[in-house]
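In: Pasting a predicted model and its sequence here:
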Amino acid sequence: MKMYKVFLRIILLSALLPAGAYTARAQDQILDGIGETGMIARYVFNGDTRDWSRNNLHGTPGTGVQFVNDSRFGKVLSLSGEGNAFVTLPGETLTDLESISISGWIYLRSNRAGQRFFDFGTSAGRHFSAAPSGTKSGEGYQALLTTGEENLTGAVSPAIELNKWVHLAIVVDIPSQSMITYVDNKPAGETTAIPRELAAVFGHSANRLYIGKSLLAGDPDLNALIHDFRIYRVPLTRREVAGIYYNATRGSQGSTVNVGKPEENLPQFSPAESQLYNAYLTAVSDIEVETEAGNLPRLPSHVPGTYRNGVEGPPVRVIWPAPTDNSDVLEAGRYTLTGRVAGTNFHPKALVTVKNTGSATTPDAQLETFDLSRVSLETDAHHHDTKFIENRDKFINTLSKTNPDAFLYMFRHAFGQPQPEGARPLGVWDSQDTKLRGHATGHYLTAIAQAYAGTGYDKALQAGFAQKMEYMVNTLYDLAQLSGKPKTAGGEYVADPVAVPVGPGKTAYDSDLSQEGIRNDYWNWGKGFISAYPPDQFIMLEHGARYGGQKTQVWAPYYTLHKILAGLMDVYDVSGNKKALDVASGMSDWVYARLNQVPRDTLIKMWNTYIAGEFGGMNEAMARLYHITGQEKYLKTAQLFDNIKMFFGDAQHSHGLAKNVDTFRGLHANQHIPQVVGSIEMYRVAHDPEYYKVADNFWYKAVNDYMYSIGGVAGARNPANAECFPIQPASLYENGFSAGGQNETCATYNMLKLTQNLFLFDQRAELMDYYERGLYNHILASVAEHTPANTYHVPLRPGSVKQFGNPNMTGFTCCNGTAIESNTKLQSAIYFKSRDNRSLYVNLYIPSTLHWTERGITVEQTTSFPKEDQTRLTIRGNGEFDVHVRVPSWATKGFFVKINGKAQKLKAVPGSYLKISRKWKNGDVLELRMPFGFHLDPVMDQPNIASLFYGPVLLAAQEPEARKDWRKVTLDAKDPGKSIQGDPQKLEFTVDGVVLKPFYETYGRHSVYLDVTLK
């Protein structure tokens, strides 16, 4: 058995830190310039052992734990070294970790050997700990990673000084194979003798996690004060450790999102070195574009190029200037923009003509979707379950076993109602103290509605989902009926949503959801109110509350509400349950009453408040409710959710996305994508062209300037937040590839939703090309191999590994919520129809059956795509109509059509739709073949870092271990396929000795991006 022990040297500061009272404050997880997703837990210890992060991993204090007042940090944790004085953390705190960092302040009061600042592990032989005064086997401060029982000697350094506050940080960086400790911001030592994976230390099961206690029998407990103990899932950089240290000494915490510079922790390349196909460039074309006055031109991301040595390179990626306003195009005229091609001296020009042509027309909706009940997923051509069926069944079968009372628990708790026998609450972001509780209930309503619609193949399953829908709606309806009505006959009550008072015995609105602090006076909440928490968070947002964990802070109340309203309307759509519509309407009336009296400037500020002002797609929900009911007040309510700053630039609508100005750079991606989804819904009901332009311009910019190869669109290192768009467009390598993970899965869910809705208005093949990319390479790839556990972030750095969560649907993050929606509607975009039922669009090549009831037509699609490059559409029924089939942009090796076995002479252009007009007869067979080829998808500002695709399928390198550098491969410049061996029908290949598999079938370590050299 092998044991990794490291005894790391301490470098003490020469002067004491300045004294002074400092009381720690609850902050959101944007602390000290570190992205929020990097933090696992934070224990400030200012009177309790609560986790101040959003993950609710609250500690359990031993009976001997005390809290004392400290002149520097206020109230702190005091451990006496005896009498059960330690803190236990939940075992699930350290699961599926890539790396780990610990930060905390300690005031050591004893130098007894064997004391542990913390000790995390499964046993005395497998654990991670810090012994500030040494162990029985050696003197000095020791940081240990143990994977066995053998005791080996390591380096020794002086113990932590007694009776003074010292900041300790311990960083375990698995990709770099290093462990570094910091003492008061100074590096104290480093070792590379660490395990290759943290699973060797923590395993995959529940751990014993102690603060102040050792896992080794006979070791003394810790005698010390502790303050602000943090656990991160990422390896903190020296700059980040310094930020934690200096912000604490100054008595402040950096809590804004746009902080810090990107860490230079990616391999660097010469900016003057031509990479990939750019090395063969001899010329790049200039272009001419036109635009309307006031609107920035839409510039193509790729332009034609000329290559030498017979190389047929792709169109050339050009990085154009990205103005922050539209001042250059306010008047008619001509001007020139100069772009750049990464790693070259080519600077193509765009000659822009600005015209005063009046308002350009925007399209009307041409297509409609098919109800989920009309399209069923089928086995492939060889009668095997597809990845779509596998993922669908994982979710459908688990959803069928869920107890609706778990999803209603916090609603009953908010209204002070008794829980049914056996009811248990959900966890994670739906636990009692979480200010986002109730969000999973909305996702659940949508998921069971979609599951009901899509399980016609199993009547027992379908009946079960029908019962769940009815039970959920009846309970929510009964609760909503309590709001704003007297508890007892003749009792006091407040029916007016605008007049909601503060809670009983309180002097201000607050977001306290604890058993002792929550208000349950539903009779004062205003008529129609429904939520899993009292109305305070909505009111506090109007008064300027920000995102965070204190009871004076909030967490996206309208985001949660959007999920609930959308779920209720989804149930109404599939079942006609009028109570569901009544509950949605009643709460929407409550919202309108309040927001209609909020000044516009306040609304602008609210909707641009980081996270707190995140409203999901409330504009979409209100526009949809207007579409259902025809009541104008809901259209007005939807308009109150206009994000004026992003959409229109200002209250005068002078620029913004409507004028093609990129106003979302550096912003939180999934806070804003649903707002844009709402804008296309607003266009559908209000017919205002500005709304369409907002959605269309956003989509084009997001896909061309912010998209990673899997279809995700955010993952910034700058700003320091994995959930944000990079600070500048077309700068993924410079500012993207967050260390804490990137490509939030629910952001791609929303991008696909936006894409589908845009396609109904404009049948550009690039929209469905993107949909295919995101569906196959992110949504399918986000689900665990054997359960419906799914990803939050999908990491794309070298040697990454996906982390899956929520296998039993008992604790939901945002992405766990959208996952149960995504995987109960996988058939939703395979086919569309024209509104006049004269045309059918075949968008995706997935084995399925379509029932086009309006025409009495059934279409059976038989295929093993993407393991085969062909599909067959069999028509059942008779009629004359057009079939539009997508010719994918990657289908550069041809697109071949047969009808009833006879080849058709049709011109098919990659990246378009091919129209086939015919009087179809029962039994007609339409066969399509699109030979696959290998192609690269490079990072726009560092082209040698590229993903390899085979047709639509992203191939990931299967890595044996974590790595810091990009996997290097060499491909033939004229034909990359010559360098690649493998079996196309298994979609398994090798290049330079590395195995490549579809990303959606990758469950271990992987590299999605490769460092590619062409020869």
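Out: All right, it came through fine.
In: contacts and neighbour counts: CA atoms only from here.
Out: Will do.
In: so where's the chain shaky on pLDDT?
Out: 1-30, 149-157, 205-206, 251-264, 359 (pLDDT under 70).
In: right, and R546 touches V554 too?
Out: Yes. Taking C-alpha atoms under 8 Å as the definition, R546 is a contact partner of V554 at 6.0 Å.
In: Compare those two and say which one has the larger neighbour count.
Out: The residue with more neighbours, out of R546 and V554, is V554; 28 against 22, by other C-alpha atoms under 10 Å.
In: Name the nearest residue to the more buried one, ignoring sequence neighbours.
Out: In space, and not counting its chain neighbours, V554 is closest to Y547: 5.0 Å by C-alpha to C-alpha, 6 or more residues apart in numbering.
In: Against V598, how distant is that neighbour?
Out: 20 Å (C-alpha to C-alpha, to the nearest Å).
In: Those two: which is more packed in?
Out: Between Y547 and V598, counted using other C-alpha under 10 Å, Y547 has the larger neighbour count: 22 against 13.
In: Now do the more buried one against D430, distance only.
Out: Taken as C-alpha to C-alpha, the span from Y547 to D430 is 17 Å.
In: And for stretch 856-867, what's in contact with it?
Out: With C-alpha atoms under 8 Å, 6 or more residues apart in numbering as the test, stretch 856-867 has contacts from 380-382, 845-852, 870-878, 951-953, 984-987.
In: all helices of the stretch 251-400 of the chain, in order?
Out: Using DSSP state H, counting those that start in this stretch, the helices found in the stretch 251-400 of the chain span residues 387-400.
In: Next up, phi/psi of the closest residue in space to A781 that isn't next to it in sequence, please.
Out: Using C-alpha to C-alpha, 6+ apart and skipping residues adjacent in sequence, the residue nearest A781 is Y1000, 3.7 Å away. The phi/psi pair for Y1000 (degrees, to the nearest 10) reads phi -80, psi -10.
In: show me the contacts for Y1000.
Out: Contacts for Y1000 (C-alpha under 8 Å, 6+ apart) come out as Y776, N777, H778, L780, A781, S782.
In: Nearest to P220 among these?
Out: Nearest to P220, judged by C-alpha to C-alpha, of those is S782 at 44.6 Å.
In: That closest one against P795, yeah?
Out: No. Counting by C-alpha under 8 Å, S782 does not reach P795; the two are 10.9 Å apart.
In: So for those two, which sits in the more crowded spot?
Out: Counted by other C-alpha under 10 Å, S782 and P795 do not tie: S782 has more neighbours, with 29 against 25.
In: residues near Q515, how many?
Out: So Q515, with other C-alpha under 10 Å, has 11 neighbours.
In: Ok, R334 next?
Out: When neighbours are counted by other C-alpha under 10 Å, R334 registers 13.
In: Who does the closest residue in space to it that isn't next to it in sequence form a beta bridge with?
Out: Computed as C-alpha to C-alpha, 6+ apart, the closest residue to R334 that is not its neighbour in sequence is T353, at 4.5 Å. On the basis of DSSP bridges, T353 is bridged to E290, R334.
In: by contact count, what packs against the lengthiest helix in the chain?
Out: Counting residues, the longest helix in the chain under DSSP state H turns out to be helix 459-480. Contacts defined by 3 or more C-alpha pairs under 8 Å, 6 or more residues apart in numbering; DSSP states H and E place helix 459-480 against helix 387-400, helix 404-414, helix 439-454, helix 578-595.
In: List the buried residues of it.
Out: Under the neighbour-count criterion of 16 or more other C-alpha atoms under 10 Å, helix 459-480 has 461-462, 464-466, 468-469, 472-477, 479-480 buried.
In: and what of stretch 165-185?
Out: For stretch 165-185, by 16+ other C-alpha under 10 Å, it's 165-175, 177-185.
In: again, but for stretch 756-764
Out: The neighbour-count check on stretch 756-764 (16+ other C-alpha under 10 Å) flags Q756, N757, L758, F759, L760, F761, D762, Q763 as buried.
In: picking that back up, do I have it right that the residue nearest to V554 meets N608?
Out: No. In this structure, Y547 is not within contact of N608 by C-alpha under 8 Å, at 11.8 Å.
In: picking that back up, which ones among the buried residues of stretch 165-185 lie within strands?
Out: Mapping the buried residues of stretch 165-185 onto strands (DSSP state E) picks out 165-173, 178-183.
In: who touches A169 in this structure?
Out: Counted by C-alpha under 8 Å, 6+ apart, A169 has contacts S101, I102, S103, G104, T181, Y182, V183, N185, V241.
In: nope, A784 is what I meant
Out: The contact partners of A784, by C-alpha under 8 Å, 6+ apart, come to N790, F804, Y1003.
In: Recalculate using a threshold of 7 Å.
Out: N790, F804 (C-alpha atoms under 7 Å, 6 or more residues apart in numbering).
In: go on, the one 4 residues further on?
Out: For P788, the contact set (C-alpha under 7 Å, 6+ apart) comprises K394, F395, P807.
In: That one and Q467, how far apart?
Out: For P788, the distance to Q467 equals 22 Å [C-alpha to C-alpha].
In: Could you check how many residues crowd around G294?
Out: Count around G294 with other C-alpha under 10 Å applied: 23.
In: next one: N163
Out: By the criterion of other C-alpha under 10 Å, N163 has 13 neighbours.
In: you'd agree it is up against S110?
Out: No. In this structure N163 lies outside contact range of S110 using C-alpha atoms under 7 Å: 8.4 Å.
In: Can you list phi and psi of the residue nearest the centre of the chain for me?
Out: In the chain, the residue lying closest to the centroid (C-alpha atoms, centre = their mean) is E744, at 2.0 Å. Backbone geometry at E744, expressed as degrees, to the nearest 10, gives phi -60, psi 130.
In: Quick check: beta-bridge partners of it?
Out: Taking DSSP bridges as the rule, E744 bridges to H793.
In: quick one: it and L561, what's the gap?
Out: Shown here: E744 relative to L561, a distance of 21 Å by C-alpha to C-alpha.
In: Can you tell me how far the nearest residue to K893 once chain neighbours are set aside is from F865?
Out: For K893, ignoring the flanking residues on the chain, the nearest one in space by C-alpha to C-alpha, 6+ apart is P931 at 5.8 Å. Distance, P931 to F865, using C-alpha to C-alpha: 11 Å.
In: same question, R665
Out: Shown here: R665 relative to F865, a distance of 36 Å by C-alpha to C-alpha.
In: again with R238
Out: Distance of R238 to F865, given as C-alpha to C-alpha: 48 Å.
In: and what of T629?
Out: Applying C-alpha to C-alpha to T629 and F865 gives a distance of 42 Å.
In: Please apply the same query to R72.
Out: Remark: distance between R72 and F865 (C-alpha to C-alpha) = 65 Å.
In: Kindly report the same for A623.
Out: According to C-alpha to C-alpha, A623 and F865 sit 37 Å apart.
In: And for T237?
Out: Separation of T237 from F865 (C-alpha to C-alpha) stands at 44 Å.
In: Over to F725?
Out: According to C-alpha to C-alpha, F725 and F865 sit 33 Å apart.
In: before we move on, what about V44?
Out: Going from V44 to F865 by C-alpha to C-alpha gives 53 Å.
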